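**Student:** Quick check, what structure comes out for this input:
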Amino acid sequence: MAAKKNLVYLNKDFTEFRNSLINYARTYFPTTYNDFSPSSPGMMLIEMASYVGDVMSFYLDNQYQETFLQYARQSNNVFDLAYMFGYKPKVTGVATADIDFYQRIPALGAGSGYAPDFSYTLLASANSSITSNGVSNISFLVEDPVDFSVSSSGDPTEITVYSTTAGNPSEYLLKKTRRSISATVQTTTFTFSTPQEFATVNITDNDIIGILDIVDSDGNEWYEVDYLGQEMVYKSIKNTNVNNPTYYTDGSNTPYLLQLEQVQRRFVTRVLNETTLQLQFGSGTTSDTTEEIIPNPNNVGLGLPFEKDKLTAAYSPTNFIFNNTYGIAPYQTTLTVRYLTGGGIVSNVPANTLTSFAGILNFNNYNLAGGQTYYDSFAINNPRAATGGQDGDTLEEIKQNSSANFASQLRNVTQDDYLVRSLAMPPKYGVVSKVYVEPTKLQNVGIGDIPSTLDMYILSSDNQNRLVTGSAALKQNLSTYLSQYKIIGDTINIKDAFIINIGVNFDIIVLPDYVNSEVLTNCISELQGYFAISEWQINEPIIMRDLYILLDKVEGVQTVKNITVSNKVGTSLGYSQYAYDVPGSTINGVVYPSLDPMIFEVKYPQSDIRGRVVPL
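**Tutor:** All right, here's what the predicted structure looks like:
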């Protein structure tokens with residue numbers, strides 16, 4: 001029986017392998033071989049074995065290193081690891097630009113009652129393309145339609161007099177603004193015959209931004225989801241009196257209603273490398289899908305393997321029968337895929353260059369007088385340069401973003417998470433201008449009410465950017481939007497914050513050799529900027545010392561003698577209905593808000609901020 005030999009498993013490089021093999025031969029074959037000179041045949045075999053061991057050790061270490069996100073160096077491994085962490089790398093960075101849309105329309109009326117004739121308004125289609133004059137191959141996309149006949153807080157229309165006849169308006173100029181991205185719509189098709197579980201197809205192109213939409217040959221739309229087990233997607237419907245019973249009372253500032261809908265036709269996307277985007281579909285068919293079954297004692301846990309006891313099963317309300325379809329697979333159909341490409345540093349085009357419209361203009365009143373003229377008056381422009389265009393994520397950025405994405409998991413955990421997520425709701429579902437979130441106070445829980453976890457106080461804005469309370473449609477949309485991001489144990493009660501309108505009066509002493517009116521105008525302008533509602537949040541106090549410092553810095557001001565803040569109240573005067581004791585809430589030069597969440601607003605800054613120049 002051969003003696004047990006002592007083997008060493010810690011060797012990693014050529015020298016260690018070579019020395020170990022020499023020691024092994026000397027220990028176990030002392031009389032068989034003892035010529036270890038560099039030119040001997042035995043040393044040749046030992047060094048060749050050491051070389052193979054060194055190479056294999058290197059590749060083993062390298063492959064092990066490539067399994068860790070923070071140490072991986074090969075791009076395909078970094079992309080795969082990012083996918084495991086739930087992060088989708090960006091292979092291009094899109095530029096954004098605000099596009100101004102203009103149209104002239106005639107005036108309607110006579111005498112003192114002139115108004116724009118909105119029967120001449122145009123409708124620019126969704127996903128319109130805009131090209132840049134002077135910059136080749138740069139195209140921008142406007143996702144939302146432009147309807148000049150509609151004006152709301154989320155989609156205001158700026159109306160100015162364009163021309164006059166005998167001192168009366170004869171034409172008006174309409175202006176709308178839309179956010180555009182540097183993208184071009186590309187189209188490809190994929191044909192599927194027989195059903196295939198988790199069918200995958202690849203789109204190969206440069207600078208792929210993402211999927212715009214997918215429609216099959218039967219007209220069915222396919223929806224992109226984060227993972228195939230996700231069966232609920234957001235859908236929007238037009239906010240009309242048919243869809244919203246309260247439309248006439250509070251729905252005009254909420255163009256669309258947000259709804260959650262269960263869908264079977266869904267897909268996920270995965271970035272494989274800088275030029276390849278993979279699409280993956282589900283594993284079921286329309287005949288065997290079980291995703292719309294109502295839970296009952298006969299079908300809950302139906303898919304448990306080996307008829308395990310239901311007492312220990314981990315149930316999910318989205319997959320209560322343990323089905324494995326993950327959506328349906330396309331078959332006997334052709335999918336038309338529209339995707340976006342573009343972006344990059346070259347897409348940061350200068351101002352006043354995005355002037356060519358390549359979308360569809362809908363106009364049904366050519367038969368009206370001057371219809372063609374007003375159709376031709378349509379124009380576009382970008383008043384500011386496009387910004388944000390950049391190359392795709394570097395490998396290090398993919399690593400960092402993947403780690404951050406895995407930690408957050410898109411869940412609302414803190415109060416600030418809910419605040420930011422609420423402000424991120426698309427404006428077509430209603431404008432959430434101000435948000436304040438706090439734990440529910442016991443004194444706010446009524447008799448018989450079930451306490452919520454958090455109280456969310458919100459305010460919206462009208463088309464003049466003035467604060468208003470949120471409509472019922474807006475609150476319902478916000479509730480639907482948050483439902484997909486909140487932790488299951490959180491309950492949110494959405495309420496209206498209080499609006500307290502204020503006015504500001506001040507007295508200043510002007511330095512010699514300065515024009516009093518100019519200094520006074522500059523002071524009023526500074527206060528108007530300070531009290532701009534975009535700069536204020538719910539429950540933010542007014543610090544009087546900051547106001548004194550602000551006016552002291554105005555050129556020409558010698559001394560600020562006095563500043564007072566007063567409450568403006570009364571719906572008949574155009575103010576909030578809520579009165580507030582400003583002097584009683586002022587302590588040590590700070591005007592504090594009430595215990596009930598509220599916000600201070602200078603509603604009419606042109607008239608509610610007044611100043612005087614007083615003598616020394």
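
**Student:** C-alpha only now, for contacts and for neighbours.
**Tutor:** OK.

**Student:** Could I get the full set of helices for the stretch 1-150 of the chain?
**Tutor:** Using DSSP state H, counting those that start in this stretch, the helices of the stretch 1-150 of the chain run over residues 14-28, 41-65, 75-84.

**Student:** tell me which strands and helices the second one is in contact with?
**Tutor:** Identification of packing neighbours for helix 41-65 by 3 or more CA pairs under 8 Å, 6 or more residues apart in numbering; DSSP states H and E yields helix 14-28.

**Student:** which residues of the stretch 401-550 of the chain score low on pLDDT?
**Tutor:** 407-410, 443-452 (pLDDT under 70).

**Student:** That one: strands as residue ranges?
**Tutor:** Using DSSP state E, counting those that start in this stretch, the strands of the stretch 401-550 of the chain run over residues 434-439, 454-461, 467-468, 492-496, 498-510, 542-543.

**Student:** Which one of those lies nearest to Tyr256?
**Tutor:** strand 454-461 (15.1 Å; CA to CA).

**Student:** Touching that closest one from outside, list them.
**Tutor:** 153, 430-440, 467-470, 490-497, 597 (CA atoms under 8 Å, 6 or more residues apart in numbering).

**Student:** Now list the buried members of the residues you listed.
**Tutor:** 153, 430-437, 440, 467-470, 491-497, 597 (16 or more other CA atoms under 10 Å).

**Student:** The nearest residue in space to Ser119 that is not next to it in sequence: what's it in contact with?
**Tutor:** What sits nearest to Ser119 in space, not counting adjacent residues and going by CA to CA, 6 or more residues apart in numbering, is Asn365, at 7.5 Å. For Asn365, the contact set (CA under 8 Å, 6+ apart) comprises Ser119, Tyr120, Gly371.

**Student:** tell me the SS of Asn365?
**Tutor:** Per DSSP: H, G, I helix; E, B strand; the rest coil, the local secondary structure of Asn365 is coil.

**Student:** mind listing the strands for the stretch 201-350 of the chain?
**Tutor:** Counting by DSSP E, counting those that start in this stretch, the strands of the stretch 201-350 of the chain are 208-216, 221-224, 232-238, 256-262, 266-273, 276-281, 333-341.

**Student:** and the gap between the residue nearest to Ser119 and Gly503?
**Tutor:** If you measure Asn365 against Gly503 using CA to CA, to the nearest Å, the figure is 47 Å.

**Student:** With Asp608 instead?
**Tutor:** 5 Å.

**Student:** what residues are shared contacts of the two?
**Tutor:** Val602.

**Student:** Surely Val225 and Val263 touch.
**Tutor:** No - assessed by CA atoms under 8 Å, Val225 is found out of contact with Val263, at 10.1 Å.

**Student:** and for those two, which residues touch both?
**Tutor:** With CA under 8 Å, 6+ apart as the test, Val225 and Val263 both reach Glu231, Val233.

**Student:** follow-up on the earlier one: just the helices of the stretch 1-150 of the chain: most buried one?
**Tutor:** Comparing the helices of the stretch 1-150 of the chain by mean neighbour count (mean count of other CA atoms under 10 Å), helix 75-84 comes out on top with a mean of 19.

**Student:** mind exporting that helix as PDB, just the C-alpha atoms?
**Tutor:** What follows is helix 75-84, C-alpha atoms only, in PDB (Å, rounded to 0.1, in the frame of the first residue of the first chain):
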ATOM      1  CA  SER A  75     -17.600  44.800 -19.500                       C
ATOM      2  CA  ASN A  76     -19.800  41.800 -20.200                       C
ATOM      3  CA  ASN A  77     -19.500  40.700 -16.600                       C
ATOM      4  CA  VAL A  78     -20.200  44.200 -15.300                       C
ATOM      5  CA  PHE A  79     -23.300  44.300 -17.400                       C
ATOM      6  CA  ASP A  80     -24.500  40.900 -16.100                       C
ATOM      7  CA  LEU A  81     -23.800  41.800 -12.500                       C
ATOM      8  CA  ALA A  82     -25.700  45.000 -12.900                       C
ATOM      9  CA  TYR A  83     -28.700  43.000 -14.100                       C
ATOM     10  CA  MET A  84     -28.500  40.800 -11.000                       C
END
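
**Student:** Can I get the strands of the stretch 201-350 of the chain in CSV including mean pLDDT, mean neighbour count and distance to Leu527?
**Tutor:** Below are the strands of the stretch 201-350 of the chain laid out as CSV (pLDDT from 0 to 100; neighbours: other CA atoms under 10 Å; distance: least, CA to CA, whole Å):
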stretch, mean pLDDT, mean neighbour count, distance to Leu527
strand 208-216, 93, 19, 43
strand 221-224, 93, 19, 48
strand 232-238, 79, 14, 40
strand 256-262, 80, 18, 36
strand 266-273, 92, 22, 50
strand 276-281, 94, 19, 52
strand 333-341, 94, 18, 45
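
**Student:** Figure out which of the ones you listed is closest to Ser517.
**Tutor:** Nearest to Ser517, of the strands of the stretch 201-350 of the chain and by CA to CA, is strand 256-262 at 47.4 Å.

**Student:** Okay, now the sheet partners of the closest one, with direction.
**Tutor:** With DSSP bridges as the test, strand 256-262 is paired with strand 232-238 (antiparallel).

**Student:** closest one to Val613 among the strands of the stretch 401-550 of the chain?
**Tutor:** Closest among the strands of the stretch 401-550 of the chain, using CA to CA: strand 498-510, at 5.1 Å.

**Student:** list the buried ones in that closest one?
**Tutor:** By neighbour count on 16+ other CA under 10 Å, the buried set for strand 498-510 is Phe498, Ile499, Ile500, Asn501, Ile502, Gly503, Val504, Phe506, Asp507, Ile508, Ile509, Val510.

**Student:** next one: stretch 558-572
**Tutor:** Gln558, Thr559, Val560, Ile563, Val565, Asn567, Lys568, Val569.

**Student:** Excluding sequence neighbours, find me the nearest residue to the second one.
**Tutor:** Spelled out, that is Thr559. Ile509 (5.1 Å).

**Student:** And the helices in the stretch 351-500 of the chain?
**Tutor:** Listed in chain order, the helices of the stretch 351-500 of the chain (DSSP H, counting those that start in this stretch) span 371-376, 395-408, 415-423, 472-483.

**Student:** just those: most buried one?
**Tutor:** Of the helices of the stretch 351-500 of the chain, helix 472-483 is the most buried (mean count of other CA under 10 Å), at a mean of 20.

**Student:** And for the closest residue to Ser57 other than its chain neighbours, the neighbour number?
**Tutor:** Excluding its sequence neighbours, the residue lying closest to Ser57 (CA to CA, 6+ apart) is Lys12, at 5.9 Å. As a burial measure, Lys12 scores 16 neighbours (other CA atoms under 10 Å).

**Student:** Lys12 and Glu66, how far apart?
**Tutor:** For Lys12 relative to Glu66 (CA to CA), the value is 18 Å.

**Student:** Quickly list what the residue nearest to Thr204 when sequence neighbours are not counted is bridged to.
**Tutor:** Excluding the flanking residues, the one nearest Thr204 by CA to CA, 6+ apart is Thr276, at 4.6 Å. Counting by DSSP bridges, Thr276 is bridged to Thr204, Asn273.

**Student:** isn't Thr276 right up against Val201?
**Tutor:** No - taking contacts as CA under 8 Å, Thr276 lies outside contact range of Val201: 10.1 Å.

**Student:** buried residues in stretch 543-559?
**Tutor:** Met544, Leu547, Tyr548, Leu551, Asp552, Gly556, Val557, Gln558, Thr559.
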